[in-house]
Each structure stands twice: as C-alpha cells, then as structure tokens.
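A.B. asks: whatever this is, show me its structure:
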Amino acid sequence: MAIARALLGVLFLCLAAGAQAGFNLDVGNGDQLEVRTWGTQGKGPLFIWLLNQYGEREQADILAQRLADRGATVWRVDLLDSLLLERTADAIRGVDGKALARLIQHATRGSQRPIVLVACDRMATPALRGLRAWQEAGGDNTQVAGAVLFFPNLYRGTPVAGEAPELLDIVGATNLPVTIMQPDLGTNRTRLNDLLRALRTGGSAAYAWLVPEVRDYYLMQVEKPVSESLQAMAGPVPAPVLRAIQAAPDQLMQVAHLLAATPRARGPSPVRLGEDLPMAPAYGLIKRPARPAPALALTDARGRPHDLAKSRGRVTLVNFWATWCPPCVHEIPSMNLLAAAYDERDFAIVSVNFKEDPEHIRAFMNKVAVDFPVLMDADGSASARWRVFAFPSSFLLDRKGRIRYSVNTAIDWDTDEVRTVIDRLRRE
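C.D. replies: Numbering: from 1, shown residues only. Next comes the predicted model:
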C-alpha cells in the first residue's frame, strides 16, 4: 500500500503540471486537428500521441508531462474529436489516415529528431494508416522512427466465436519499424506472434515488449473513468498498473531510440493495400458445423479438477468470461436459471475464467451467485485453443461433445429460443 500511495503521489504531481501549449492544423476538407503540446523546447524524441478511443485523458496527460520531463516533446491529438467522429469501432476503422499524414508532414519539417507515433487499442489502425498515407504522399522514411502500439486491436471485427480473427490489410502493408507494447494478461497475448509475422510481411522491423501483471487498457485506468465503457475499471488503481504506468515513459524513450536506429526501406511497402472492409457482427446463437470441441481439463476456483470429456452424454454450455467484463457478469443470473431448468444428467454449464486469480474468483462468488463450476484458465491457453476472441464467448455442445452453436456476446440464456435449441440437442 505504501508503494501504491507513493506512486499515486508522483502521478498526481505530474498531472498538476498540465499541458504547456497547443496549436490547430488545417488538414483539408474543412477539418482541423487540435493538438496539445508538452515539452516544446525539448530536443529529445517527438511523440505524436493519438488519444484513446474512449476520450480518457487523465493518464495520457500524466504520461505526456513525464515524457516532457525527460526532454521529449509530445503532440497529443484527439483524432475522433477533431474529425467529429463517433467513438465507435466502425468509425475508427473508417479513418483513412490522410489527416494524420498532414500532421506527420508538419512534424517532419526541419526536424532532425526521432518522430514516433503512439496509439492504443483500436487507434493503432489510424496510426498505421497515417504513416502509410504520409509515405504515399512522398514522405521520407528516414524522418520518422516508427510507431509504438499499446495493446493494439488491428482486426476487422469480432468473428463468430471459435473462428480466427482477421487482421486489417494495413498491418501487412506497413514497413516502418513498429513496437508492440503487449500486456502479459491481455486478451490478444496469444496472438502476438501472428501480429508480428503479419507486420514483417510488409517489411516492418516489428518488436514486442511484454508488460507484466497488467491487462489491456491499463494506460487508461483511473479511479473515476470519464467513459462509461471503462466503468468496470473504476476504483483504486492496482499497484501493478501504477508500476506499469510509472515505467512507461522510460520505456517509450528507449523504444524511440531503438526505432530510430532500425534500418528501414525507402518509400511505402509494395504490398497492395486492400479496402479493409469491416467484418459483419454476429449476434445470438449461431449454428456451427458440428465439430469436436477442443480438450478442456482445468482446475476450478476451489481447487477441484474438471475434464470436459466427462460431460459426454449430456448437452453442455461452455462459457468463457472474466469479472472485469460487465456483459459477462450480467448474463450469469440467466445462466443460473437455465441450469436450474434441467436435470444435471441432461444439461450442464461449465464456465472458464480468463487469467484471473482463484482467490479473486472465490471472493467474487461470495458476492455473486454462480451455480456452475468456474474453471481457471490461468495462462489463457484454453481460450486460445477454443479461439476465443471476445468476452463473453460461449459454445453449446451436443451429447457427443461436438460444438453445434456459438455465441460471441452476452445474451439472456433463460429464454424459449435457447431452451428450444437445447431441447432439440437433447433429443438427438
């Protein structure tokens, strides 16, 4: 607790320093980018920081000031706000990068220092597109060091549960150096190598830095989030998150110099850039071609072993979830009601928790009734085998242990529609 309080004190002192200045940049088509700046007199790297999609500024301001204290300059732009776009995944995927390319062009005029783009989560897509658009407009690759992407979401959308996600085409069309700052407990940790390989297909020298003990969105975690989407993270900021935020400025300074020293190609990647059409979302129970379910043998939160193979002979619902996911928690009561409606010899529910501590889950179960086993996927390997991309994700298995339906969102499980499907599987 003493460490956490000390770190909080340092962070809030930095926050109090605030931004130093700012400017507006005309980017054409009647649009302007409003840029806030820190450390304008510094001679270190220039970080062009895209504010996160949720508009959470508190930690971003803290990090910008701490970078300025180390001699860097930060240009922070809320791309969605400046371009009058909604804070939605579809709006972000639709950003073409031309406005950001104008900002990069403005930054490179007369500059001899490393220029690094920084983005989190879905804002990684506009960042890479901005770099590509700047290159196509004649930008000199030696003038930009590259990009740092924190827990990037560079996928076309959420696939049907059990299917592999598809990366956006811009990933394979990027040839400037990129570093991925990947939380070790993040949902895409197991896909990190695939992302690095995809970046390298376009000629990018792609690096990775694993951030221990934290989950995605850790850079946005504050006691009172502005965004409703981040309310599940409200409350005291955990010590591992504070440590990770404390370390981030020094890490960014190191990465900036690494990227600047990395050889790179001249001009944009020859990889042809596609349209990056979004993936159509799938809702509710989705019928799937019958296939054997992956193995699932884990210990539950109370230390008891469970093997899904022993559920053969009854219809089984397998649900992947986490306590930090509000929709996951919201659907638990309806799952309890569904379980109570059937004889356990005919139907069972097995849930799999993603990378949380058994002690935390037991405390959660003391507050929220969970009437089915909670298995612990401590390293995320089970979720990876089942190709879980989003939480919650659920799979409905027949008596032979084959996946017949999947769901990649929270639903009301205590409905006639769901029971009709389960009853049909029971009669087979």
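A.B. asks: can I get the CA coordinates of stretch 163-176 in CSV?
C.D. replies: The C-alpha coordinates for stretch 163-176 follow below in CSV (Å, rounded to 0.1, in the frame of the first residue of the first chain):
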residue,chain,number,x,y,z
GLU,A,163,-13.2,-18.7,-35.7
ALA,A,164,-9.9,-17.0,-36.1
PRO,A,165,-10.0,-13.2,-36.3
GLU,A,166,-8.7,-11.4,-39.5
LEU,A,167,-6.1,-8.7,-39.4
LEU,A,168,-6.7,-5.5,-41.3
ASP,A,169,-4.8,-5.1,-44.5
ILE,A,170,-2.9,-2.1,-43.3
VAL,A,171,-0.9,-4.4,-41.0
GLY,A,172,0.7,-6.3,-43.8
ALA,A,173,1.2,-3.0,-45.8
THR,A,174,3.3,-1.4,-43.1
ASN,A,175,7.1,-1.2,-43.5
LEU,A,176,8.2,1.3,-40.9
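A.B. asks: R76 is in contact with L51, isn't it?
C.D. replies: Yes. Using C-beta atoms under 8 Å, R76 is in contact with L51, at 6.1 Å. C-beta here means a position set from N, CA and C on the backbone, and glycine is covered the same way.
A.B. asks: between the two, which contacts overlap?
C.D. replies: In terms of C-beta atoms under 8 Å, 6 or more residues apart in numbering, R76 and L51 are both contacted by the residues A60.
A.B. asks: assign the residue nearest to W386 when sequence neighbours are not counted to helix, strand or coil.
C.D. replies: Once flanking residues are discounted, W386 sits nearest to P294: 5.4 Å by C-beta to C-beta, 6 or more residues apart in numbering. Put simply, P294 is coil when judged by DSSP: H, G, I helix; E, B strand; the rest coil.
A.B. asks: list phi and psi for P294.
C.D. replies: Phi and psi for P294, reported as degrees, to the nearest 10, are phi -60, psi 160.
A.B. asks: and for S394?
C.D. replies: Backbone torsions of S394, given as degrees, to the nearest 10, read phi -130, psi 150.
A.B. asks: is it true that it touches N319?
C.D. replies: Yes. At 4.6 Å, S394 counts as touching N319 under the criterion of C-beta under 8 Å.
A.B. asks: re earlier: measure the residue nearest to W386 to L397 for me?
C.D. replies: 11 Å (C-beta to C-beta, to the nearest Å).
A.B. asks: what does the top helix by length along the chain contact?
C.D. replies: In the chain, with assignment by DSSP state H, the single longest helix is helix 239-260. Among residues not part of helix 239-260, those counted as contacts by C-beta under 8 Å, 6+ apart are 3-4, 7-8, 10-11, 44-45, 47, 59, 62-63, 66-67, 69-70, 72, 114, 116, 118, 145-148, 177-179, 181, 183, 207, 209, 211-214, 218-219, 221.
A.B. asks: list only those of these flagged as buried.
C.D. replies: Among the contacts of helix 239-260, those buried by neighbour count (16 or more other C-beta atoms under 10 Å) are 4, 7, 11, 44-45, 47, 59, 62-63, 66-67, 72, 114, 116, 118, 145-148, 177-179, 181, 183, 207, 211, 214, 218-219, 221.
A.B. asks: N153: neighbour count?
C.D. replies: Neighbour count for N153, taken as other C-beta atoms under 10 Å: 22.
A.B. asks: quick one: neighbours of D307, just the number.
C.D. replies: Residues near D307, counting by other C-beta under 10 Å: 10.
A.B. asks: in stretch 401-414, what counts as buried?
C.D. replies: Residues of stretch 401-414 classed as buried: 401-411, 413-414 (neighbour count, 16+ other C-beta under 10 Å).
A.B. asks: scratch that, stretch 133-145
C.D. replies: A133, W134, Q135, G139, N141, Q143, V144, A145.
A.B. asks: same deal with stretch 249-267?
C.D. replies: Within stretch 249-267, the residues scored as buried using 16+ other C-beta under 10 Å are P249, L252, M253, V255, A256, L258, L259, A260, T262, R264.
A.B. asks: hey, C-alpha coordinates of that stretch in PDB?
C.D. replies: Extracted as PDB, the C-alpha positions of stretch 249-267 are listed here (Å, rounded to 0.1, in the frame of the first residue of the first chain):
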ATOM      1  CA  PRO A 249       7.900   7.000 -20.100                       C
ATOM      2  CA  ASP A 250      11.300   5.400 -19.800                       C
ATOM      3  CA  GLN A 251      10.200   2.500 -21.900                       C
ATOM      4  CA  LEU A 252       9.000   4.900 -24.600                       C
ATOM      5  CA  MET A 253      12.200   6.800 -24.600                       C
ATOM      6  CA  GLN A 254      14.200   3.600 -25.000                       C
ATOM      7  CA  VAL A 255      11.900   2.400 -27.800                       C
ATOM      8  CA  ALA A 256      12.100   5.700 -29.600                       C
ATOM      9  CA  HIS A 257      15.900   5.400 -29.900                       C
ATOM     10  CA  LEU A 258      15.600   1.700 -30.900                       C
ATOM     11  CA  LEU A 259      13.100   2.500 -33.700                       C
ATOM     12  CA  ALA A 260      15.300   5.400 -34.900                       C
ATOM     13  CA  ALA A 261      18.300   3.200 -35.100                       C
ATOM     14  CA  THR A 262      16.500   0.400 -37.000                       C
ATOM     15  CA  PRO A 263      17.200   0.100 -40.800                       C
ATOM     16  CA  ARG A 264      14.100   0.700 -43.000                       C
ATOM     17  CA  ALA A 265      13.200   0.500 -46.600                       C
ATOM     18  CA  ARG A 266      12.800   3.600 -48.800                       C
ATOM     19  CA  GLY A 267       9.200   4.500 -49.700                       C
END
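A.B. asks: domains of the protein: list them as residue ranges, please.
C.D. replies: For the chain, automatic domain parsing gives the domain ranges 2-260, 286-427.
A.B. asks: looking at those domains, which is buried most?
C.D. replies: Burial of the domains of the chain is given as mean neighbour count (mean count of other C-beta atoms under 10 Å); domain 2-260 ranks first at a mean of 19.
A.B. asks: mind showing which ranges of this protein have poor pLDDT?
C.D. replies: Along the chain, the model assigns pLDDT under 70 to residues 1-20, 42.
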